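Q: coords below, sequence missing:
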Ligand SMILES: CC(C)(COP(=O)(O)OP(=O)(O)OC[C@H]1O[C@@H](n2cnc3c(N)ncnc32)[C@H](O)[C@@H]1OP(=O)(O)O)[C@@H](O)C(=O)NCCC(=O)NCCSC(=O)C[C@H](O)C(=O)O
Ligand SMILES: [Mg+2]
């Protein structure tokens with residue numbers, strides 16, 4: 001373990017100084033594209049401004065005989081595209097034990113290091129994987145004369161990675177965030193789902209047998225599908241919050257089931273994730289909508305802030321107790337809303353509501369819908 005005194009020192013002579021805080025640019029939707037797929041790649045320039053992150057994927061889902069084409073394609077796209085202020089460029093490199101990753105890192109940092117915001121590293125097992133990437137990136141950045149450090153994002157997709165999640169999150173000042181990789185993780189854990197994320201009809205709880213009924217065990221009983229990913233996402237969120245980095249859901253492979261996709265994204269949002277991956281254009285709007293607070297939540301949060309005055313004590317609002325702690329919850333919502341509104345004019349417009357009165361009348365609480373007492 002590095003001494004805390006050395007933690008923010010560059011790991012190579014001439015490398016840019018590490019950041020002491022992770023930039024909190026919007027990253028509700030990390031849109032994956034395959035740079036070796038000409039049709040998909042051709043769509044990328046037009047997607048700038050419509051997604052928070054465009055991610056050139058070099059790992060799984062890119063055929064082995066297309067790995068070099070994908071790398072070369074990403075370099076060409078990055079050089080030819082102006083990503084502006086509202087869209088970041090990320091990449092997912094091949095896994096650290098693969099024959100491609102060294103060329104991925106050396107090529108991308110030297111050719112387009114000035115354009116790359118974040119490198120996603122798959123199948124991270126422990127802090128040692130991050131330490132390796134950290135030093136190598138510092139050397140490559142120094143060689144390329146970069147002035148801004150490239151950040152690192154780890155995917156949790158092995159049991160060992162999950163067991164080491166806190167150490168991974170805190171392994172380097174480059175750490176930007178963590179994503180869930182449910183497909184690889186399911187395989188590594190020997191889970192018995194063959195789906196890419198999402199629920200499973202067999203993972204459920206069942207209502208008790210009804211009383212006083214013959215053959216009660218076989219009587220009709222309600223069942224409730226449970227979330228296979230709750231434990232991992234919650235652990236990931238805690239590890240990220242502890243280290244001041246960001247948590248993301250990952251892929252939802254059932255592209256056609258946009259309703260279940262939205263449910264999975266919303267669960268992650270409610271648990272503390274700031275964004276998710278989109279694999280297909282149809283998932284982009286879902287992700288942007290779900291990972292942006294609703295106008296109702298923002299309006300409610302503003303009412304609580306106003307009602308709480310100096311921020312201490314307890315008040316009643318719409319029959320509910322609000323105090324210092326619920327104020328902090330509301331501040332989380334408002335900070336996110338402000339951050340998103342700063343780069344998304346539609347959200348700025350949506351959130352531009354003020355309390356109609358300061359006596360608590362009008363409006364409604366939290367998730368109960370917008371109140372009539374809220375005016376522009
Ligand atoms: C999933 C797909 C293979 C589906 O592609 P396709 O069959 O072409 O879908 P459509 O016909 O519906 O496409 C309609 C048009 O949209 C374009 N398209 C499709 N996907 C994208 C995209 N991601 N970005 C931009 N444009 C896209 C098509 O070209 C069609 O265009 P047109 O014909 O002109 O109308 C495909 O969507 C896909 O490959 N998506 C990315 C998959 C991916 O990145 N997978 C890796 C991440 S998930 C993972 O790795 C698991 C994880 O690590 C874990 O362990 O859990
Ligand atoms: Mg994976």
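A: Noted; the coordinates are in hand. All figures in this text were calculated on a predicted structure; none of them were measured in a lab. Numbers count the residues shown, from 1 in each chain. Ligands and ions are numbered 1, 2, ... in the order given.
Q: residue numbers of this protein in contact with ligand 2?
A: 157, 181, 184 (Cβ under 5 Å from the ion). (Glycine included, C-beta is placed from N, CA and C.)
Q: try 8 Å
A: 59, 60, 122, 123, 155, 157, 181, 183, 184, 185, 250, 251 (Cβ under 8 Å from the ion).
Q: among those, which are in reach of ligand 1?
A: 60, 157, 181, 183, 184, 250, 251 (Cβ under 6 Å from any ligand atom).
Q: contacting residues for the second one?
A: When you say that, I think you mean residue 157. The neighbourhood of residue 157, defined by Cβ atoms under 8 Å, 6 or more residues apart in numbering, consists of 122, 123, 180, 181, 182, 183, 184, 185, 188.
Q: point out where this protein drops to low pLDDT.
A: Applying pLDDT under 70 to the chain picks out residues 353-376.
Q: give me the distance between the residue in it positioned nearest to ligand 2 and residue 14.
A: Proximity of the chain to ligand 2 (Cβ to the ion) peaks at residue 184, 3.6 Å away. Residue 184 is 36 Å from residue 14, where distance means Cβ to Cβ, to the nearest Å.
Q: neighbour count winner among the two?
A: Neighbour count, other Cβ atoms under 10 Å: between residue 184 and residue 14, residue 184 has more, with 20 against 13.
Q: that one sits in which helix or strand?
A: helix 182-189 (DSSP states H and E).
Q: now for that helix, which elements pack on it?
A: helix 159-163 (3 or more Cβ pairs under 8 Å, 6 or more residues apart in numbering; DSSP states H and E).
Q: related to what we said a few turns ago, can you select the buried ones among the residues of the chain next to ligand 2 for me in PyMOL?
A: The PyMOL selection below is limited to those of these classed as buried (16 or more other Cβ atoms under 10 Å):
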select buried, resi 59+122+123+155+157+181+183+184+185+250+251
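Q: and the strands in the protein?
A: Secondary structure of the chain (DSSP state E): strands at 29-33, 53-57, 88-92, 118-121, 151-156, 175-180, 204-206, 223-225, 246-248, 276-278, 314-317, 320-323, 354-355, 374-375.
Q: distance to residue 65 added to those, as JSON lines?
A: Listed next are the strands of the chain as JSON lines, based on distance: least, Cβ to Cβ, whole Å:
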{"stretch": "strand 29-33", "distance to residue 65": "18"}
{"stretch": "strand 53-57", "distance to residue 65": "16"}
{"stretch": "strand 88-92", "distance to residue 65": "18"}
{"stretch": "strand 118-121", "distance to residue 65": "22"}
{"stretch": "strand 151-156", "distance to residue 65": "23"}
{"stretch": "strand 175-180", "distance to residue 65": "27"}
{"stretch": "strand 204-206", "distance to residue 65": "42"}
{"stretch": "strand 223-225", "distance to residue 65": "39"}
{"stretch": "strand 246-248", "distance to residue 65": "30"}
{"stretch": "strand 276-278", "distance to residue 65": "24"}
{"stretch": "strand 314-317", "distance to residue 65": "61"}
{"stretch": "strand 320-323", "distance to residue 65": "59"}
{"stretch": "strand 354-355", "distance to residue 65": "58"}
{"stretch": "strand 374-375", "distance to residue 65": "57"}
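Q: so which of these comes closest to residue 6?
A: Among those, strand 175-180 comes nearest to residue 6, with 16.1 Å by Cβ to Cβ.
Q: does ligand 1 sit close to the closest one?
A: No - using Cβ under 6 Å from any ligand atom, strand 175-180 never reaches ligand 1; the gap is at least 7.3 Å.
Q: same check, this time on stretch 12-30
A: No - against ligand 1, stretch 12-30 shows no contacts by Cβ under 6 Å from any ligand atom, the least distance being 9.9 Å.
Q: list the buried ones in that stretch?
A: 12, 15, 16, 18, 22, 25, 26, 27, 28, 29, 30.
Q: which residues does the nearest residue to residue 30 once chain neighbours are set aside bridge with?
A: Excluding its sequence neighbours, the residue lying closest to residue 30 (Cβ to Cβ, 6 or more residues apart in numbering) is residue 53, at 4.3 Å. For residue 53, the beta-bridge partners under DSSP bridges are residue 30, residue 88.
Q: number of nearby residues for residue 53?
A: 25.
Q: give me the distance between it and residue 306.
A: In terms of Cβ to Cβ, residue 53 sits 34 Å off from residue 306.
Q: then residue 54?
A: Where residue 306 is concerned, residue 54 sits at a distance of 39 Å (Cβ to Cβ).
Q: before we move on, the earlier item: can you redo the residues of the chain next to ligand 2 as CSV with distance to residue 105?
A: CSV is the format used below for these (distance: Cβ to Cβ, whole Å):
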residue, distance to residue 105
59, 13
60, 17
122, 13
123, 15
155, 16
157, 19
181, 19
183, 24
184, 20
185, 24
250, 22
251, 23
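Q: so which of the residues of the chain next to ligand 2 comes closest to residue 137?
A: Of those, the one sitting nearest to residue 137 (Cβ to Cβ) turns out to be residue 122, at 15.8 Å.
Q: ok, the closest one - contacts?
A: 59, 60, 92, 93, 94, 95, 155, 157, 181, 184.
Q: pull the most distant pair out of these.
A: Across the contacts of residue 122 (Cβ to Cβ), the longest gap, 14.9 Å, separates 93 and 184.
Q: rebuild the buried residues of stretch 12-30 as a markdown table, extending it with distance to residue 136.
A: A markdown table is the format used below for those (distance: Cβ to Cβ, whole Å):
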| residue | distance to residue 136 |
| --- | --- |
| 12 | 9 |
| 15 | 11 |
| 16 | 14 |
| 18 | 14 |
| 22 | 20 |
| 25 | 24 |
| 26 | 29 |
| 27 | 24 |
| 28 | 30 |
| 29 | 29 |
| 30 | 23 |
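Q: now, among the residues you listed, which is nearest to ligand 1?
A: residue 30 (9.9 Å; Cβ to the nearest ligand atom).
Q: leaving out chain neighbours, which residue sits closest to the residue sitting nearest the centre point of the chain?
A: Nearest residue to the geometric centre of the chain (Cα atoms, centre = their mean): residue 248, 2.4 Å. Nearest in space to residue 248, with sequence neighbours left out and distances taken as Cβ to Cβ, 6+ apart, is residue 179 at 4.3 Å.
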